[in-house]
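Student: when you get a sec, could you give me coordinates for this:
(one chain, ligands or ions: 1)
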Amino acid sequence: MLRLIVLLSSLVTFMLNAEVAITDATIRLLPPGVPNTAAYFSLQNSSDKKLTLIGATAGFATKAEIHNHVMVNNMMSMQQQSEVVIESGKKVQFAPGGLHIMLFGLTHPLQAGQSLTISLQTKEGKVIDVIANVARPAAHSHH
Ligand SMILES: [Cu+2]
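Tutor: Numbers count the residues shown, from 1 in each chain. Sure thing, here's the model as predicted:
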């Protein structure tokens, strides 16, 4: 009986995880001494319900926020987002120049190749773990 319960609960966990797929998760590696950085990923909502991201936490940063780049008086600036809605069947990209997870006050220096976890909170009561790879920004390089 106990074995059956364990089997059933692991199946449920698997099904819940399959509803949300995170791909291309990266944390931007910046020069040592820069206290803040950003994380990017794609989130596919394959569940039959919408997902509403309302916040983020990371063990390696003092504070994590959902940000977007917006035009204010012809100037690009970053704004904290209180909600990001991902409708059922939709994919949302967190990418440079758009949505990102802002990581404030890194508690220790990051290293290329590290895997670090960022937890996303949803209004629906889920926690989505994003396992992100620390990497140097590839874009804007002319070398
Ligand atoms: Cu930001």
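
Student: following the strand ranked longest in the chain, which helix or strand comes up?
Tutor: Among the segments of the chain that qualify as a strand by DSSP state E, the longest is strand 61-72. Counting by DSSP states H and E, the element after strand 61-72 in chain order, helix or strand, is strand 75-80.

Student: so that next one versus strand 61-72, what angle?
Tutor: Computed by axes from the mean of the first three to the mean of the last three Cα atoms, to 10 degrees, the angle separating strand 75-80 from strand 61-72 equals 140 degrees.

Student: can strand 75-80 be found next to the ion?
Tutor: Yes: if you take Cβ under 5 Å from the ion as the test, strand 75-80 does meet the ion, through residue 78. C-beta coordinates here come from the backbone N, C-alpha and C atoms, glycine included.

Student: run through the neighbouring helices and strands of that strand.
Tutor: Judged by 3 or more Cβ pairs under 8 Å, 6 or more residues apart in numbering; DSSP states H and E, the packing partners of strand 75-80 are strand 61-72.

Student: which residues are contacting the strand it packs on?
Tutor: Contacts to strand 61-72, defined as Cβ atoms under 8 Å, 6 or more residues apart in numbering, come from residues 38, 53-58, 76-81, 84, 97-107, 118.

Student: mean confidence score for it?
Tutor: Confidence over strand 61-72, taken as the mean pLDDT, stands at 96.
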